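Chemist: Whatever this is, show me its structure:
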Amino acid sequence: MAMSSGRSSQEIVPHSGDLEVPAQPVDVQRQDSLYLDATRPAHAGHHGRDSWLRTLRLGFQCVGILYADLGTSPLYVYSNTFKYGIGHEDDVLGVLSLIIYSFLLFAMIKIIFIALYANDDGEGGTFALYSLISRYARVALIPNQQAEDELVSSSSRHRKPSAPFRRAQWMKNLLEASKPAKLTLFFLTIFATALAISDCILTPSISVLSAVNGLKLRSPNLTTDQVVWITVGILVAFFAVQHLGTVKIGYTFAPIVVIWLLLISGIGIYDLIKYDVGTLKAFNLKYIIDYFRRNKKKGWVSLGEILLCFTGTEALYADLGYFSIKSIQLSFSFGLLPSVLLSYIGQAAYLRKHMDMQYVPNAFFNSIPSTLFWPTFVLALTTSVIGSQAMVSCAFATMSHLQTLSCFPRVKILHTSSRYSGHLYIPEVNFFLCVASVIVTISFRTTGFIAKAHEICVALVMVITTLLMTIVMLLVWKVNILWIALFFAVFMSTETIYLSAVLYKFTQGPYFPLAMSAVLMVIMMVWHYVHVKRYKYELQHTVSPDEVKALLERHDLKRVPGLGLFYTELVQGIPPIFPHLIEKIPTIHSVIIFISVKHLPIPHVDVSERFLFRQVEPKESMVFRCVARYGYRDTLEAANDFVATLVEYLQYYVRDLSLYCTAEPLRTSYPSIRIDSFSWDKKHSGQGSGIHAEEMLTPIQSFSELTMHQVGMSSRLGIFQPAKMNLEEMLRIEEDQKLIQREVDNGVVYILGETEVVAKPHSNLIKKIAVNYIFNFLRKNSRKGEKMFSIPRGKLLKVCIAYEI
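Modeler: You can find the predicted model right below:
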């Protein structure tokens, strides 16, 4: 049935100055250990500096997870750049000079020493940049933001206490006031995300295929078909071990990659000395100018192949959550950088003396000493397989971000490390990447076609990352405008040139990742669009307090023993599915809690700050609303563990309401417009509006949060007045707590709302196809809610309802 009603929507509470409430005299000062705990700041010392031992350990793992892709790029960069031959001896120096300065500019300066600092509490990648921006400006399309969210310590820890600068405020206003700006930002983010996932398909194929091609030097009779099927077998084996987890893979692969980097740097020095020490002249930028002057359009087009030297940097940035900034910077600067550059320099020295076309296709293997061929081949093949690990880890992390921010259907996410929450494994994604990589390898068959497809992903992600980082500099970092202009001018101009060279060859391969990205974007946009529309529908049809009270006081309503957990996505009221349930089955449990699991745009939320509670009138009905807040890197607990933690904090909440009170309702003013998320009725005041005491954070820390954050409350702690307790009130508190525990012991039932969403009859054709067919197909074939929350089947009750949007 389609629901429709004209119920009230939520109030927007503007800031109108601090509200001073005079403290009332109190006869009896009650002391309680809860108050002492409540005055302690959350997360004290939680984010200390990493020890050097841990940094070195993570740096060692970095080598195995992040650098194999970048470290194997010498296998195919020259062969693809000079696929039509070397026209002039100095062309090799020109290309080498472009490789050196491109690698230094885009990989080292932009990513390692700038972008890594543009992280969201340790998480990197384009989606983390979007999350970071959404913490400083309301750009999220789902209207579930709450004023209380900004009191989460990890959300506001990095905020500057000073007044917003003019540029930051201008950018904030632009993003918040302009719907096209919000949509553009969201579109760019999911486009870059889709490209990154497409790149995760291409990287294993091109890396392994390039290494296997080296066999042709020792087995000339080896056919292309045989090379392809050997590659397919290796890829299948690689994806089969992903369930072991990033830590085990990292420790296993790191020694191999270290040996590989030492080997290619040694071979590079050998080739440089043996063939042409003068190759070091490539550090002179003059050879870049001469290269373009000689080759003109051909030189410009070759930029598409040259950018392959820094493929993998986007995955390196996205995988920041697995490691730390120091560990990456240390291992990159002293491990990867010198090894890779020496390899490119050595190959260039060899090619300057071997310009014939027969030496170019396998320039890397031709340049190594014959006695080292087989050890080098085995290491190249192994490292190429390992090089795919960074992209696979990137895919897992990206998919986790997409799902928690309601941009992708539900999938099963497994955490492979008990120490590091960012180490993930997603079986469905792993299977999809394996199948797609095999199909790409069989279809394209050569590295040339795959390289062209690879280039478009790298170039577009580079440009989008620069745009998002510029916004971060304006809105979050608030750095000098000259530095922002310099950053944007240097990187946007150079990256646009690379992108134009790639797009020129559009029909020769780049269509594949764009087509794949288009499919992924349709899935993400449709899923997110319907999710937003469904949320807004429920927000417009929330059940008013009077209606809830009337429902709970119905004479035919029966209360059965037990605790009922009613799951709903709505955080701002009682959803319309509740009266639908009462109408069909006029029976509810003795204690009801409406649970909204909400993911904040931050990586982690401490358990002490997880729950927000509000009791629903009438109080004797024992009905509560609760928002359980998680970061996009947090793991959802098993059902039993979740209930145990929830009930513990509900007991604190019940005690807080009676142990502490204020002479007047506590109101907290905020410096910008907020949604009074836990309130139905409009509160009018000549002084201002805000949050009542019972609407605050987790009970055990509700009062401490106001002292932690600079919202003008530190001077007003006196308004919290310990209640004048009498024996009757203390017995009532104890009885309420015993009642809750008794009903938990009687049994917990998980009530899950199943909403079928359909387009309105008069909707246009595109909307009907998106909602009625694409979304419903994805919903039916995605992971169900009870599996996501690990709800036991025997305790599950589903309530179905249809919405027209």
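
Chemist: can we go C-alpha only for contacts and neighbour counts from here?
Modeler: Will do.

Chemist: what's Arg138 sitting at in phi/psi?
Modeler: For Arg138, the backbone dihedrals (degrees, to the nearest 10) come out as phi -80, psi 80.

Chemist: Contacts only, for it.
Modeler: Contacts for Arg138 (CA atoms under 8 Å, 6 or more residues apart in numbering) come out as 172, 175-176.

Chemist: any idea what Asp556 is structurally, helix, strand or coil?
Modeler: coil (DSSP: H, G, I helix; E, B strand; the rest coil).

Chemist: Report the separation between the closest residue to it other than its chain neighbours and Ile801.
Modeler: Using CA to CA, 6 or more residues apart in numbering and skipping residues adjacent in sequence, the residue nearest Asp556 is Pro586, 6.8 Å away. To Ile801, Pro586 is 16 Å away according to CA to CA, to the nearest Å.

Chemist: can you check Pro513 too?
Modeler: For Pro513, the distance to Ile801 - CA to CA - is 39 Å.

Chemist: Looking at the two, which has the bigger crowd around it?
Modeler: Pro513 (25 against 17; other CA atoms under 10 Å).

Chemist: Now do the same contact list for the more buried one.
Modeler: Here Pro513 is in contact with 195, 198-199, 453-454, 456-457 (criterion: CA under 8 Å, 6+ apart).

Chemist: I'd like the next helix or strand past the longest strand along the chain.
Modeler: Looking across the chain with DSSP state E, the single longest strand is strand 587-600. Going down the chain from strand 587-600, the next helix or strand is strand 611-616, by DSSP states H and E.

Chemist: what lines up beside that following strand in the sheet?
Modeler: strand 623-631 (antiparallel) (DSSP bridges).

Chemist: Just the CA atoms of the strand it pairs with, as CSV, please.
Modeler: Below are the C-alpha coordinates for strand 623-631, written out as CSV (Å, rounded to 0.1, in the frame of the first residue of the first chain):
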residue,chain,number,x,y,z
VAL,A,623,9.2,3.4,23.9
PHE,A,624,12.6,4.9,22.9
ARG,A,625,14.3,6.2,19.8
CYS,A,626,18.0,5.6,19.3
VAL,A,627,20.5,6.5,16.6
ALA,A,628,23.5,4.2,16.5
ARG,A,629,26.3,6.1,14.7
TYR,A,630,29.2,4.5,12.9
GLY,A,631,32.1,5.7,10.8
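
Chemist: Compute the inter-axis angle for it and strand 587-600.
Modeler: Counting by axes from the mean of the first three to the mean of the last three CA atoms, to 10 degrees, strand 623-631 lies at 20 degrees to strand 587-600.

Chemist: in strand 623-631, what counts as buried?
Modeler: With burial defined by 16 or more other CA atoms under 10 Å, the residues of strand 623-631 counted as buried are 623-631.

Chemist: Report the buried residues of the following helix or strand past it.
Modeler: Using DSSP H and E, the helix or strand that follows strand 623-631 in sequence is helix 639-659. For helix 639-659, the neighbour count (16+ other CA under 10 Å) marks 639, 643, 646, 649-656, 658-659 as buried.

Chemist: Give the burial count for the nearest residue to Lys558 once chain neighbours are set aside, as a bare number.
Modeler: Spatial nearest neighbour of Lys558, chain neighbours left out: Thr587 (4.7 Å); criterion: CA to CA, 6+ apart. Counted with other CA under 10 Å, residues neighbouring Thr587 total 14.

Chemist: which ones are touching Thr587?
Modeler: Thr587 neighbours (CA under 8 Å, 6+ apart): 557-560.

Chemist: Among those residues, which one lies nearest to Ile267?
Modeler: Val560 (77.1 Å; CA to CA).

Chemist: which element follows the helix or strand where that closest one lies toward the C-terminus?
Modeler: Val560 is part of strand 558-567, with elements assigned from DSSP H and E. Using DSSP H and E, the helix or strand that follows strand 558-567 in sequence is helix 577-584.

Chemist: average pLDDT across the helix or strand encompassing Arg54?
Modeler: Secondary structure from DSSP H and E places Arg54 in helix 52-65. Across helix 52-65, the average pLDDT comes to 78.

Chemist: Measure how far it is from the centre of its chain, please.
Modeler: 22 Å (CA atoms, centre = their mean, to the nearest Å).

Chemist: contacts for stretch 71-88?
Modeler: Here stretch 71-88 has contacts from 92, 207, 210-211, 261, 302, 305-306, 308-311, 336, 339-340, 343-344, 355-357, 360-364, 380, 383-384, 387, 447-448, 451, using CA under 8 Å, 6+ apart.

Chemist: so where's the stretch 251-400 of the chain uncertain?
Modeler: 251-252, 321-322 (pLDDT under 70).

Chemist: I misspoke; the intended subject was the chain.
Modeler: Looking at the chain by pLDDT under 70, you get 1-50, 141-165, 245-252, 321-322, 415-423, 507-510, 601, 632, 658-726, 786.

Chemist: Could I have the CA atoms of stretch 74-82 written out in CSV?
Modeler: These are the backbone C-alpha positions of stretch 74-82, laid out as CSV (Å, rounded to 0.1, in the frame of the first residue of the first chain):
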residue,chain,number,x,y,z
PRO,A,74,59.4,-0.3,-16.2
LEU,A,75,58.2,-3.6,-17.8
TYR,A,76,55.9,-1.9,-20.3
VAL,A,77,56.4,1.9,-20.4
TYR,A,78,59.2,2.1,-23.0
SER,A,79,57.7,-0.7,-25.1
ASN,A,80,54.3,1.1,-25.4
THR,A,81,55.9,4.6,-25.8
PHE,A,82,58.1,3.5,-28.7
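
Chemist: Export the contacts of Arg138 as JSON lines, with columns for secondary structure.
Modeler: Below are the contacts of Arg138 laid out as JSON lines (three-state DSSP):
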{"residue": "Lys172", "secondary structure": "helix"}
{"residue": "Leu175", "secondary structure": "helix"}
{"residue": "Glu176", "secondary structure": "helix"}
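
Chemist: returning to that earlier point: taking the buried residues of helix 639-659 as a set, which two sit the farthest apart in space?
Modeler: Ala639 and Leu659 (30.1 Å).

Chemist: does Thr755 have beta-bridge partners, and which?
Modeler: Bridge pairing for Thr755 - DSSP bridges - gives Ile801.

Chemist: mind listing the strands for the chain?
Modeler: Using DSSP E, strands in the chain cover 12-13, 414-415, 424-425, 558-567, 587-600, 611-616, 623-631, 660-662, 674-675, 720-722, 748-758, 796-804.

Chemist: Tell me which of these approaches Phe777 most closely.
Modeler: Once these are compared by CA to CA, strand 748-758 is nearest, at 11.4 Å.

Chemist: so what does that closest one touch, helix or strand wise?
Modeler: With contacts taken as 3 or more CA pairs under 8 Å, 6 or more residues apart in numbering; DSSP states H and E, strand 748-758 sits against strand 558-567, strand 796-804.

Chemist: For Leu727, the count of nearby residues, please.
Modeler: With other CA under 10 Å as criterion, Leu727 counts 7.

Chemist: ok so, going back, would you list the helices and strands packed on strand 748-758 in JSON lines and tack on distance to Met521?
Modeler: Below are the helices and strands packed on strand 748-758 laid out as JSON lines (distance: least, CA to CA, whole Å):
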{"stretch": "strand 558-567", "distance to Met521": "28"}
{"stretch": "strand 796-804", "distance to Met521": "24"}
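
Chemist: Out of those strands, the one nearest Ser324 is which?
Modeler: strand 558-567 (36.1 Å).

Chemist: Could you list every helix and strand in contact with that closest one?
Modeler: strand 587-600, helix 727-746, strand 748-758.

Chemist: Please tell me how far Ile306 sits from Ile100.
Modeler: 10 Å.

Chemist: Can you give me the neighbour number for Glu729?
Modeler: 13.

Chemist: and if you look at Arg54?
Modeler: 13.

Chemist: ditto for Phe777
Modeler: Applying other CA under 10 Å, I find that Phe777 has 12 neighbouring residues.

Chemist: got it, and the one 10 residues further on?
Modeler: Here the neighbour count serves as a burial measure; for Lys787 (other CA under 10 Å) it reads 14.

Chemist: How about Glu314?
Modeler: For Glu314, using other CA under 10 Å, the count is 24.

Chemist: my guess is it contacts Phe127, does it?
Modeler: No. Assessed by CA atoms under 8 Å, Glu314 is found out of contact with Phe127, at 11.9 Å.
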